[in-house]
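Participant: This is a predicted model, with the sequence first.
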Amino acid sequence: MRAARHVGPVLLLVGLLGLHHASGFWIVNVVFPPNAKTRLPSNSTPPLVIVPGNLGNRLEAKINKPTLVSWMCYKKTAHWFPLWIDLNMFMPIGIDCWIDNIRLVYNRTSRRSSNSPGVQVRVPGFGQTYPIEFLDSNKLAGYFYTMVQHLVNVGYTRNETVRGAPYDWRLPPNENEEYFTKLQELVEDMYEQHQNPIYLLGHSMGCHYVLYFLNHQPQAWKDKYIRGFISLAAPWGGAVKPLRVLVSGDNDGIPLISTIKIRQEQRMATTNPWMLPSEIIWPKDHVFISTPTFNYTNQDYQRLFTDINFEDGWHMWEDTKNLTGDLHPPGVEVWCMYGVGLPTPVTYIYDEEFPDVDPVDFVYADGDDTVDSFSMSLCKRWQGQQEQPVHVTEYRGLAHLDIVFSEQVLSNIQRILEGQSDTPSEIDVRFKGE
C-alpha cells in the first residue's frame, strides 16, 4: 500500500490501547514485566511450551497478485512483510488491502481453505518466543511478554527452557496438520535436551489446539513427554462472541475500522465457526441471536448462516464442530484457570436491520467479559474421566486477556512449574493480598 505505508507506531499504540478491555479474541495490549526475584538459569527448570490464542502470534506475507482490490495496494513484494499485526490495517485507506492479503478462500468441494490468490503466508519464529511476546516489530502490542519475562526472572531461558509454538490461527486443526508434526518434534527435542517432560500452556483458543494435539497422541507418548497442561481462559464449550463476529462483525473498539468492513476478514477465518457454542453442550433452547423475526439457538446454525448470506460458514462449522467438541479428556495432569465475576454477553439482540448493524442490546451472564464461566468450567468434567489430576482455579474479577498478565496467575504458574501441584479453587484478584 503506497499512501498507507508511513503510518507511525503512535497510531497503532492508540488503537491497541483502545482494544484492551473491549478485546475478546483480539488479544493485544501494552504491558510491563512484573517484579520477580532473579536467579541464575538452571538445567532443572521444567521446560515449557506456550501455545497462543486466536490472533496471538505474528504472521508474515509475500505477494504477487493477479489483481488488486484498490490502486493503493501493492501488487508484488520481493520480501516477506508483517501481515499481523500490520500498521496499515488501522488506516481506512489500508484496510481493503490488508483484508485481501489476509483473507482465506474456502472450497466447499475439498473442504479446505487457501490463501488469497497470489498471497503466501507464513508463521515466523516457530520454537521462539518473540512472535508471541509482541505481535508487532515495534514491540507495542504485547501479549506473552509479561509472562515470558516473569519466567526469565525466575530462572527460565528464552528459546531454550521456555519456547513458543505459534501457528496460523486463521485455520482450524484439521487444516494445520504440519503444525502438529512440528509441535511433536519440538516437545521431543526439548525432552531430549533437558531430560524432563514438558509443560504445555495454552490461552483461549490455543487450549483447544493443545487438547486436539494431546487427543491425537498415544497415552505412552504423553506419559513420557508431557508433565502437564496449563489451560488459561479456554472456551471449552465454545464462545458466544464469534457469533457476533460472524453476523455483524466486531471492530473491538477501533473507530477507524468499520465493523461491516472487518466482517469480510472475520468470516474468512475458519477458526471463528469452529469456536461457536457447542450444540451438544449448551442448552438447546438458549437464544444466542435475537432478532424481530427469529431467535437463533445452536439448533439453528444452518438457518442463521443462510439468513446472514454466509452459507460457507455452515460448511466450515460442519467441518470443525467435532474436532474437540466432545471434550475428550487430555490424558495428562491439567491446571484449568479462568476468570469469573464479570458480565459477559451470552445473547446478542438485533433490530430490524439485522445483520448489517451492531447489536442494540445484550443479555449477560457470569464470565470473564469474553467467554462465559459455564463454557470455561467444563474442564471440571475431566475430574471423573481420567486418572490424572485436574486442578481448577477460578479468578474472581479477572478479564479474558488479563489472565496472561495477572501477577496472581503468574505466581500460580510459577508454583506449578516448581512442582507444587495443588492450587487454590478460587482467587479474588480484586484484592492483591489474596
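Facilitator: Arrived safely.

Participant: can you pull the contacts of V247?
Facilitator: Neighbouring residues of V247 by CB atoms under 8 Å, 6 or more residues apart in numbering: I289, L304, I308, Y348, Y350, F354, P355. For glycine as for every other residue, the C-beta is placed from the backbone atoms N, C-alpha and C.

Participant: out of these, which are inside helices?
Facilitator: L304 (DSSP state H).

Participant: Dump the contacts of V247 into CSV; add distance to R267 as well.
Facilitator: Formatted as CSV, the contacts of V247 follow (distance: CB to CB, whole Å):
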residue, distance to R267
I289, 15
L304, 13
I308, 9
Y348, 16
Y350, 17
F354, 16
P355, 11
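
Participant: Show me the helices in the stretch 301-434 of the chain, by range?
Facilitator: Remark: helices assigned in the stretch 301-434 of the chain by DSSP state H, counting those that start in this stretch are 301-307, 311-320, 373-376, 407-417.

Participant: which one of those lies closest to S116?
Facilitator: Among these, the nearest to S116 by CB to CB is helix 311-320 (14.8 Å).

Participant: one step back: so which of the helices of the stretch 301-434 of the chain is nearest M91?
Facilitator: Nearest of the helices of the stretch 301-434 of the chain (CB to CB): helix 311-320, 28.0 Å.

Participant: I'd like to know which elements that closest one is packed against.
Facilitator: Helices and strands touching helix 311-320, by 3 or more CB pairs under 8 Å, 6 or more residues apart in numbering; DSSP states H and E, are strand 104-107, helix 271-274, helix 301-307.

Participant: If we use 6 Å, what do you get?
Facilitator: Applying 3 or more CB pairs under 6 Å, 6 or more residues apart in numbering; DSSP states H and E, we find helix 311-320 packed against helix 271-274, helix 301-307.

Participant: Between the ones you listed, which one is closest to L327.
Facilitator: The nearest among the helices and strands packed on helix 311-320, by CB to CB, is helix 271-274 at 14.0 Å.

Participant: Quick check: closest non-adjacent residue to H216.
Facilitator: Leaving aside its sequence neighbours, H216 sits nearest to F180 (CB to CB, 6 or more residues apart in numbering; 7.0 Å).

Participant: which SSE is the one you found in?
Facilitator: Taking DSSP states H and E as the criterion, F180 maps to helix 177-194.

Participant: In that helix, which residues are buried?
Facilitator: Applying a neighbour-count criterion of 16 or more other CB atoms under 10 Å, one finds Y179, F180, L183, L186, V187, M190, Y191, H194 buried in helix 177-194.

Participant: May I have stretch 342-362 as CSV, with CA atoms only?
Facilitator: Provided in CSV are the C-alpha atoms of stretch 342-362 (Å, rounded to 0.1, in the frame of the first residue of the first chain):
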residue,chain,number,x,y,z
LEU,A,342,-17.6,-10.2,35.1
PRO,A,343,-20.7,-9.5,33.0
THR,A,344,-20.3,-11.5,29.7
PRO,A,345,-22.7,-11.4,26.7
VAL,A,346,-24.4,-14.6,26.1
THR,A,347,-27.2,-13.2,23.8
TYR,A,348,-26.9,-10.5,21.1
ILE,A,349,-30.1,-8.6,20.4
TYR,A,350,-30.6,-7.0,16.9
ASP,A,351,-33.2,-4.7,15.5
GLU,A,352,-34.8,-5.0,12.0
GLU,A,353,-31.6,-4.0,10.3
PHE,A,354,-30.0,-7.4,11.2
PRO,A,355,-27.4,-8.5,10.2
ASP,A,356,-25.8,-5.4,8.9
VAL,A,357,-25.8,-3.4,12.1
ASP,A,358,-24.3,-3.7,15.6
PRO,A,359,-26.4,-5.3,18.3
VAL,A,360,-28.7,-3.0,20.1
ASP,A,361,-28.8,-4.8,23.4
PHE,A,362,-27.2,-7.8,25.2
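
Participant: okay if I get the buried residues of helix 177-194 as TSV plus distance to I95 and pLDDT?
Facilitator: Compiled in TSV, those are given as follows (distance: CB to CB, whole Å; pLDDT from 0 to 100):
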residue	distance to I95	pLDDT
Y179	28	98
F180	33	98
L183	33	98
L186	35	98
V187	38	98
M190	40	98
Y191	44	98
H194	44	95
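
Participant: Let's have the residues you listed in JSON lines, adding distance to D250.
Facilitator: Written out in JSON lines, the entries for the buried residues of helix 177-194 read as follows (distance: CB to CB, whole Å):
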{"residue": "Y179", "distance to D250": "26"}
{"residue": "F180", "distance to D250": "29"}
{"residue": "L183", "distance to D250": "29"}
{"residue": "L186", "distance to D250": "33"}
{"residue": "V187", "distance to D250": "34"}
{"residue": "M190", "distance to D250": "37"}
{"residue": "Y191", "distance to D250": "40"}
{"residue": "H194", "distance to D250": "41"}
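
Participant: Tell me which two in the residues you listed are the farthest apart.
Facilitator: Among the buried residues of helix 177-194, Y179 and H194 lie farthest apart (CB to CB), at 22.2 Å.

Participant: Tell me which of the contacts of V247 fall in strands.
Facilitator: Counting by DSSP state E, the part of the contacts of V247 found in strands is I289, Y348.

Participant: that older thread, there's contact between the residue nearest to H216 and F213 in this structure, I believe.
Facilitator: Yes - F180 is within contact range of F213, at 5.5 Å (criterion: CB atoms under 6 Å).

Participant: ok, and the closest non-adjacent residue to V245?
Facilitator: Q266 (4.8 Å).

Participant: Torsion angles phi and psi at that neighbour?
Facilitator: Main-chain dihedrals, Q266, degrees, to the nearest 10: phi -60, psi -30.

Participant: For S377, see how far away V409 is.
Facilitator: Separation of V409 from S377 (CB to CB, to the nearest Å) stands at 17 Å.

Participant: So which of those two has more stuff around it?
Facilitator: Between V409 and S377, counting by other CB atoms under 10 Å, V409 is the more crowded of the two (24 against 19).

Participant: OK, contacts around the nearest residue to S116 once chain neighbours are set aside?
Facilitator: Among residues not flanking S116 along the chain, R103 sits closest, at 5.1 Å (CB to CB, 6+ apart). Going by CB atoms under 6 Å, 6 or more residues apart in numbering, R103 touches S116, E265, M268.

Participant: Looking at those residues, which are in helices?
Facilitator: Using DSSP H to define helices, the subset of the contacts of R103 located there is E265.

Participant: Right, I'll call it a day here.
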